[in-house]
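no sequence on this one, just coordinates:
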DNA sequence: CATACTTTGTTCGTTATCTGAACAAAGTGG
DNA sequence: CCACTTTGTTCAGATAACGAACAAAGTATG
């Protein structure tokens, strides 16, 4: 009778503390993939009895299972606990300027299904929303088996996102959307929680969990696509700034005498190395030297990349010039934020060393940290899927931080 | 007999938890200045009985005292607990390029004594260390009464500080110091813990606790002195970067065609608006127009500031040009970090609106956030004392985070 | 292969933190 | 003046995590 009254004083009383402890054990099992009760007790500095109790609670959730025994350490062999990566699935949606992509992942960030479709997202919000739903349905149909619960939906959007108002989109970047994402239709349609963040931030998150940023607490992710954006992992977390607009590397001032940008500045990085700028520059060079792989057709950013990979001198010159401008911006980032690594993502990242080499050269020349540039500037490991995977990772991160977000069937701990 | 064995399993067992709880209550009392046990219980969601026990423990430390009763809320009047700001003192030392300053503060950041002396710090490490000790002694003699324990010593240095190796100083900034601070002599001499950090970081910390950054979790502090540096409060904490070199705003690239800087870059902010650059620019303008307050003597940064404050056109032009260059850097900081505020410190901050007005103008023109510039760019409230006060604040912050750092006489809880 | 020793995981009594109820002291308000 | 509040303390009770004991299952070693 008395215990029914519990739960008012949540912070310091048993239930909440126990949940936090249980969550920290769950995170440990996730991190280690396989681990025994005794090993958890040693590493978490808990008693084996406490760990046993907590693990009993985790087993009934289905997120953890016993899978045989491990090697003996000189005594009885331990029972191996394994995190069940397939206990749930997550939808990660990337909304680009001209496409929608959807990744269905398991709880280890593995892509179970991938859907991608071009669409004039910028000018057709309603169609874009419908397409997101359609691609999500396809992905679920293709990659989910019936036992797997949908933990949540993450969406990467090409606009700054204010954490206090996540459905708001920038009217400058996406005028036709009138400042509203209207993405809650996804949550309603699929009956799962929805999380939204900026695409570069989520690219950074994806690289932190699964790619070139693993184990690094401070790094910058730079997305080189139609626009130029960056996401920053600071002290292990995405840094969003006071109003969610941190990481606008595209509007760093590179050349005060350069062309005007929509942001009002002259010579923004975006005006110098955004896709339109590179196309324009290629056209300019082609006029002088028509003997190029690019000649004949109208150049696009993709064809320039292809030509550069094929060794075309004009395309290479465009890339080298872009790398030099980017190098100044990277030097700025190094000076202001001192990341341990800089990771390049977005379409241009596929250029690999063609882009990296002149970039490292520029950064070395322009920083005290010349040793840094050699080792710590890299391309994305996740490539064009980083955004969608990062969106799914945002959901996973939230669930691992508080397991109630795993959206489990029945807590059912009370029954026993 | 058995309880003697306690203490091995520190993390989840009683003693450590109780200490953390007690510390959080202490921080609350510090924050509120005056508060009753019942009020603590309500806000911290603890029972009154628990709070009573914890407060009993705090009373014997001398950090908290009962000071009469407060207004009734319709029942018995509460006993008011007050944090004892005078229970200890802290030394904050600022090491500049050409001076040493020492602030003795209480536990509320109030300056009890202030010592300042010019000295060729850059070229005379041994003399600088001796001077620090001397000024600390003077400050203690002048401002401490015998009952007050020295909690610790903080030092602000004009060099990046790697948190993993805090006694290391940059050999580029301070070649004669050979990369070693040798500041542990201070700790030994005064028998108190020593904490070291970069001067701009500590200026930011001081403004966060006592000045223009109160209540703001994300802001930038820019120090305009002989050199140009910045400190960044991110998510409520000083951001130091992967190796402690974050915040080198002085080496942002402003003009790629500008003069070479020691960092290898062209047109660094430091080469454009550092004191030597402004002096050179003033001399240049004087050659054309000798009818200036500055004419006659060799200009210095101080005399330029004085002349600008007196309305001299040449000095004003120097300031306006500096503000425009600074504006580009501030726009970069806004784009990358999205701070809620930008605070200007260092010697030039005394120019106030003379500097702010052209700066706001430039930033407005060069950012999407024109509304931002109007309100959120301010000058320091602490002025030239920010560095030393911040150094003391670093010690205070550490002690409030873990009260064992208060360096108390006897824990003496065991006795009762 | 028998014996000594380890390690694992569970059970169960113990410990100690924090709680809640009860109470005296001290107040408000009609 | 009496009913009702609020504060701060005391004290018994709930309970989260622990430690000791134990059975099960292993290794090492003669």
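Done, it's in. Model, not experiment: these values are computed from the prediction. Numbering: from 1, shown residues only, chains lettered A, B, ... in the order given.

C-alpha only now, for contacts and for neighbours.
Noted.

Which SSE is immediately downstream of the worst-scoring helix or strand of chain A on mean pLDDT?
None of the helices or strands of chain A scores lower by mean pLDDT, DSSP states H and E than helix A:370-376, at a mean of 66. In the C-terminal direction, the helix or strand that comes right after helix A:370-376 (DSSP states H and E) is strand A:377-379.

helices or strands up against the helix or strand immediately after that following strand in the chain?
Using DSSP H and E, the helix or strand that follows strand A:377-379 in sequence is helix A:386-401. On a contact count with 3 or more C-alpha pairs under 8 Å, 6 or more residues apart in numbering or on different chains; DSSP states H and E, helix A:386-401 meets helix A:14-32, strand A:88-95, strand A:99-105, strand A:149-157, strand A:194-198, helix A:199-210.

Can you lay out those as a markdown table showing mean neighbour count, distance to DNA strand C and mean pLDDT?
As requested, those are exported to a markdown table (neighbours: other C-alpha atoms under 10 Å in any protein chain shown; distance: least, C-alpha to the nearest atom of the strand, whole Å; pLDDT from 0 to 100):
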| stretch | mean neighbour count | distance to DNA strand C | mean pLDDT |
| --- | --- | --- | --- |
| helix A:14-32 | 17 | 8 | 94 |
| strand A:88-95 | 29 | 24 | 98 |
| strand A:99-105 | 27 | 29 | 98 |
| strand A:149-157 | 26 | 27 | 97 |
| strand A:194-198 | 24 | 33 | 98 |
| helix A:199-210 | 28 | 28 | 98 |
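
Next, format the ones you listed as JSON lines and append distance to residue B:366.
Formatted as JSON lines, these follow (distance: least, C-alpha to C-alpha, whole Å):
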{"stretch": "helix A:14-32", "distance to residue B:366": "45"}
{"stretch": "strand A:88-95", "distance to residue B:366": "28"}
{"stretch": "strand A:99-105", "distance to residue B:366": "31"}
{"stretch": "strand A:149-157", "distance to residue B:366": "25"}
{"stretch": "strand A:194-198", "distance to residue B:366": "23"}
{"stretch": "helix A:199-210", "distance to residue B:366": "23"}
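
In a strand, residue A:247, correct?
No. Checked against DSSP: H, G, I helix; E, B strand; the rest coil, residue A:247 lies outside a strand; its state is coil.

Contacts only, for it.
Listed by C-alpha atoms under 8 Å, 6 or more residues apart in numbering or on different chains, the contact set of residue A:247 reads A:229, A:230, A:231, A:232, A:240, B:335, B:336, B:337, B:338.

Chain neighbours aside, what residue packs nearest to it?
Residue nearest to residue A:247 in three dimensions, not counting chain neighbours: residue B:336, with 4.4 Å by C-alpha to C-alpha, 6 or more residues apart in numbering or on different chains.

so who does the one you found touch?
A:246, A:247, A:248, A:249, A:252, A:333.

and of the residues you listed, the nearest to DNA strand D?
Closest approach to DNA strand D among these (C-alpha to the nearest atom of the strand): residue A:246, at 37.3 Å.

can I assume that closest one is in contact with residue A:233?
No. Counting by C-alpha atoms under 8 Å, residue A:246 stays clear of residue A:233, with 11.1 Å between them.

between the two, what contacts are shared?
residue A:239.

Neighbour count for these two, which is higher?
Neighbour count, other C-alpha atoms under 10 Å in any protein chain shown: between residue A:246 and residue A:233, residue A:246 has more, with 26 against 22.

quick one: pLDDT of residue A:402?
The model reports residue A:402 with a pLDDT of 96.

all helices in the stretch 201-350 of chain A, in order from the N-terminus.
Using DSSP state H, counting those that start in this stretch, the helices found in the stretch 201-350 of chain A span residues A:269-273, A:275-288, A:301-309, A:313-337.

By proximity to DNA strand C, which residue of the stretch 151-300 of chain A wins?
Taking C-alpha to the nearest atom of the strand, the stretch 151-300 of chain A has residue A:215 as its residue nearest DNA strand C, at 26.2 Å.

Can you get me a residue count around that residue?
Residue A:215 has 11 nearby residues by other C-alpha under 10 Å.

pLDDT on stretch A:380-398, on average?
97.

Can I get the helices and strands packed on helix A:386-401 in CSV including distance to DNA strand D?
Below are those laid out as CSV (distance: least, C-alpha to the nearest atom of the strand, whole Å):
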stretch, distance to DNA strand D
helix A:14-32, 3
strand A:88-95, 26
strand A:99-105, 32
strand A:149-157, 26
strand A:194-198, 30
helix A:199-210, 28
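
Which one, of those, ends up nearest to residue A:289?
strand A:99-105 (33.5 Å; C-alpha to C-alpha).

Would you give the sheet partners of the closest one, along with the direction of each?
If you go by DSSP bridges, strand A:99-105 pairs up with strand A:88-95 (antiparallel), strand A:111-118 (antiparallel).

Report the beta-bridge partners for residue A:378.
residue A:343.

Does it touch residue A:345 like I think?
No. Using C-alpha under 8 Å, residue A:378 is not in contact with residue A:345, being 9.1 Å away.

quick one: which of these two has more around it?
Counted by other C-alpha under 10 Å, residue A:378 and residue A:345 do not tie: residue A:345 has more neighbours, with 29 against 22.

what does chain A put close to DNA strand C?
A:6, A:8-9, A:12-13, A:36-39, A:48-49, A:52-53, A:72-80 (C-alpha under 7 Å from any atom of the strand).
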